[in-house]
Each structure stands twice: as C-alpha cells, then as structure tokens.
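S.K.: 3D, please:
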Amino acid sequence: MTLTELGWNETFEREFKPFHKKGWIPARLIRDNKITYGALTDGGEEYEVIMSGKVYHDARCDAELPAVGDWVALETGTGDLDHVIRARLNRQTCFSRKAPGKSTEEQVIAANVSIVAVVTDAGTDFNLRRMERFFAIIGRSGSKAIVLVNKSDLYPCEQNREAAEAITAIAPDADVHITSAKDGTQLDLIHGYLDAGVSITFVGSSGVGKSSLINQLLGEEFQWEGEVNEVTGKGRQTTTARELIVLPEGGILIDNPGIREVQMWTDETTLRERFQDIEDLAAQCKFHDCKHGSDTGCAIRSAVEDGSLGTARMEGFLKLEEEIEELQKRLKKRQVNVERRAKRDHKIKARNLADRVDYDREQRPDRWVSDED
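M.R.: Purely as a prediction, here's the structure:
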C-alpha cells in the first residue's frame, strides 16, 4: 500500500518537507482510540501512536487536534519508546458539525475526504429539512455531496423516485442515487467514485443501512449488521467509532456512527449559497432589513402565498439562519471569556513573579546590587 493509495498528494508532500529533515515520516490516522490513535504509513504498516504535548497545547480547540483522516508527521520510536505525532498537516477538506448540546465547540466528523455520502431512505428517515442541514455543512467542508436513498427494496418504486427527486430539487449539485444494500441495486456506481486515494465518508441516521453498504463495498462482513426492528423497519446501530478503511478495489472509506443531531457548523455565506432561491427573493423585499414575517412588501412571504416557494423550505431557512446567528453569538461570547481569562492569568503570573523577586531579595540580599553601588 503506497502513500498515494492512502490519499497523499503533492500539496501534502510540499508541506511535509521540513519534517522529512527531522527524520519523521508521514502517516494517516485511521482510528481514534481516545488515548491513542491508529496510523497507517507507506507500505501499509500500522502503528499505535500517541500525541505529543506540543501538538496538544498548540491546538486552540478540540477541532484542531488530530482526527480520523488527518495526515500527521510521525516520529517512530524504538524499543520501549512510543510512536509520537509531532505535527498535524493542514486539512484540505474538513467535514464537521457543531458538537451536540449547547456547546460552541466544532466536532470533526472526517478530515481530508473528497466525497460525503448521505444515506437515507424513502420511508421513516426521509426528512428534507435534515437533508438541507447536511448540504449546508457539506458545502462548507469543501467535499462533494452524494445521496443514497437506500433500502429501496422496502418501498414502492414511485415512493423512492419521489424522494430522490425532492432531494435533487433542494440540492441540484448533489448526485442522488436509489440503492439497496440487500439486493445490490446501484452499488456498482459507488465504485465509480472511488479511484485510488479518493476518500469517502458515509453519514446518516442510525439504522439506514450504512454498515450494510460498507459490507457490500468490502465484499465481506466487516461491520456487524444489527437486527431489524419489525415496527420501524430500521436496523440497530452497529458502528460505534469512526474508522478509516482502505477498500480492496481502490478508494478509502471513513465509517461513522449514526448521527442523531445535525447541528450547524457553518457560516452565513455557505448558508446563503445553499438557499440561493430564497436569497434571490429576499433581494426583492421592499426593505433591506426585512424579517420575512409581517413586514410590508416581503417577497419571500408573497412567494409562499402564491405557492412558488414551499412553506417548509422557507421555515427551514429561517430556522437555520437563526441557529447560525445564535452560534455566532456564543462563539463571540466564548472568545471574550477566553481573552478575559488570558488577561487574568497574565496578571496572576506577573504578580507571582513580582512576589518571588521580593522574596528572593529578602532571603538573598547579597545577590542583588543596587544602582547606587
């Protein structure tokens, strides 16, 4: 297995030159074991590695710490010495979301992936508003979006087709495919995306068949498939941690646990790009600060009233916009608190240093010579 097959390219090679001189080697992280990581190097050799203190302390937040999919500079140990991550290379893409709950932290789902495949179905999991959220964070990541309307064997052809068309309508730049891991429908087309070194990650709710799709791609039972609930038709979640897998026919896959919450980690520009149709309408509003509620001359509300814009899509846009605005407020508040703590710590350190100097003067006056002397 070569570095190129792991996703290495000329950009990474240029960035790595200073590390080559130190005797470090490039490695891609394939597993996060909480305390240690799994890493693959040239030739397919796997190491269990730890993070250096410098890498940890240089990270301004958890999202800047090494994650599955990252390329790192690795110092290999000999004997009883650990293999140590000395640096993390810049990410070329980063698929992330806001961490669940009220946190203002970014959670990295997969680093350096070319393609994000969202897996859903045409039944109980189908939700266009959640798909809009996925498309917003995929757009920010820099990755290409594809959608697999899976488990097509469980639903009528017309229902599968309508679901695929509805998704295409809100994301024309995404590739949408109807698949079935059970009977292998359309699975060959996934291989068409996966050249050597191309990384893909599968995301979606628990039980939509991601593990079954991965089993099909690998040609073996790599993931345990959960039993299917007879009421919901969903399988139990079988993936519990992120892991990078090199596919036997070429390409790289990053598997993920089911995502229950798709909280936004994006910016206003990306959001507006995903809702360009609504943006065009907003430009026609009578007032530039229109809130799209009861304001006079609101073009968006008029479009909803005449049926040219769906109510659900408008509400989804407004909710996402509100959510991003709230996130930005939290981030600013967090930054103020961080700066305030830094100033406080600086004052404490300065005061402690002055106290130590005064103490030293009292205890060892012979070490201090006055200006008069």
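
S.K.: need the strands for the stretch 251-373 of the chain, in chain order.
M.R.: For the stretch 251-373 of the chain, strands defined by DSSP state E, counting those that start in this stretch occupy the ranges 252-255.

S.K.: actually, the stretch 101-250 of the chain.
M.R.: Counting by DSSP E, counting those that start in this stretch, the strands of the stretch 101-250 of the chain are 106-111, 115-121, 144-150, 175-178, 199-204, 243-246.

S.K.: tabulate those (CSV), appending distance to residue 289, mean neighbour count and mean pLDDT.
M.R.: Bear in mind the C-beta positions are built from the backbone N, C-alpha and C, glycine included. CSV is the format used below for the strands of the stretch 101-250 of the chain (distance: least, C-beta to C-beta, whole Å; neighbours: other C-beta atoms under 10 Å; pLDDT from 0 to 100):
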stretch, distance to residue 289, mean neighbour count, mean pLDDT
strand 106-111, 30, 23, 84
strand 115-121, 34, 26, 92
strand 144-150, 32, 24, 95
strand 175-178, 36, 18, 95
strand 199-204, 36, 24, 88
strand 243-246, 46, 20, 88
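
S.K.: I'd like to know which of those lies nearest to residue 286.
M.R.: Closest to residue 286 of the strands of the stretch 101-250 of the chain is strand 144-150 (C-beta to C-beta; 34.9 Å).

S.K.: now do that closest one: which elements does it pack against?
M.R.: For strand 144-150, the packing partners by 3 or more C-beta pairs under 8 Å, 6 or more residues apart in numbering; DSSP states H and E come out as strand 115-121, helix 128-141, helix 157-170, strand 175-178.

S.K.: in its sheet, what does the first one sit against?
M.R.: When sheet partners are counted by DSSP bridges, strand 115-121 sits next to strand 144-150 (parallel), strand 199-204 (parallel).

S.K.: please convert those to CSV, extending it with distance to residue 176.
M.R.: What follows is those, written out as CSV (distance: least, C-beta to C-beta, whole Å):
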stretch, distance to residue 176
strand 144-150, 5
strand 199-204, 14
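
S.K.: between those strands, which one is nearest to residue 306?
M.R.: Of these, nearest to residue 306 by C-beta to C-beta is strand 144-150, at 29.3 Å.

S.K.: residue 128 is in contact with residue 162, correct?
M.R.: No: assessed by C-beta atoms under 8 Å, residue 162 is found out of contact with residue 128, at 11.4 Å.

S.K.: let me see the ranges of the helices in this structure.
M.R.: Ranges of helices in the chain, per DSSP state H, are 10-20, 53-58, 128-141, 157-170, 188-191, 210-218, 268-274, 276-282, 299-305, 311-363.

S.K.: how about residue 55, what does it touch?
M.R.: The contact partners of residue 55, taken as C-beta atoms under 8 Å, 6 or more residues apart in numbering, are 65-66, 85-88.

S.K.: more neighbours, residue 162 and residue 128?
M.R.: Relative neighbour count places residue 128 above the other of residue 162 and residue 128, with 18 against 15, counting by other C-beta atoms under 10 Å.

S.K.: so how far is residue 310 from the more buried one?
M.R.: 9 Å (C-beta to C-beta, to the nearest Å).

S.K.: circling back to that earlier point, and the strands of the stretch 101-250 of the chain as a markdown table, adding distance to residue 314?
M.R.: A markdown table is the format used below for the strands of the stretch 101-250 of the chain (distance: least, C-beta to C-beta, whole Å):
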| stretch | distance to residue 314 |
| --- | --- |
| strand 106-111 | 28 |
| strand 115-121 | 22 |
| strand 144-150 | 22 |
| strand 175-178 | 22 |
| strand 199-204 | 25 |
| strand 243-246 | 39 |
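
S.K.: hang on, the earlier thing: and residue 41, which of the helices and strands packed on strand 144-150 is closest to it?
M.R.: With C-beta to C-beta as the criterion, residue 41 lies closest to strand 115-121 of those, at 23.9 Å.

S.K.: what comes into contact with that closest one?
M.R.: 95, 110, 126-127, 131, 134, 138, 141, 143-152, 154-155, 163, 190, 193, 198-205, 208-210, 213.

S.K.: now do that strand against helix 157-170, angle only.
M.R.: 140 degrees (axes from the mean of the first three to the mean of the last three C-alpha atoms, to 10 degrees).

S.K.: how far away from the center of its chain is strand 115-121?
M.R.: Strand 115-121 has its C-alpha centroid displaced from the chain centroid by 14 Å (C-alpha atoms, centre = their mean, to the nearest Å).

S.K.: same deal with stretch 148-168?
M.R.: Here stretch 148-168 is found 26 Å from its chain centre; the criterion is C-alpha atoms, centre = their mean.

S.K.: endpoints of it, how far apart?
M.R.: 12 Å (C-alpha to C-alpha, to the nearest Å).

S.K.: re earlier: of all the strands of the stretch 101-250 of the chain, which one is nearest residue 78?
M.R.: Taking C-beta to C-beta, strand 243-246 is the member of the strands of the stretch 101-250 of the chain nearest to residue 78, at 26.0 Å.

S.K.: residues contacting the closest one, please?
M.R.: 1, 5-6, 28-31, 40, 44, 68-69, 199, 214, 218, 222, 252-255.

S.K.: buried ones only from those, please, as a ChimeraX command.
M.R.: Burial among those is assessed by 16 or more other C-beta atoms under 10 Å; the matching ChimeraX selection reads:
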select :5,6,28,29,30,31,40,68,69,199,214,218,252,253,254,255
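
S.K.: quick one, what contacts residue 202?
M.R.: 117, 119, 210, 213-214, 253-256.

S.K.: and if we set it to 7 Å?
M.R.: Going by C-beta atoms under 7 Å, 6 or more residues apart in numbering, residue 202 touches 117, 119, 210, 213-214, 255-256.
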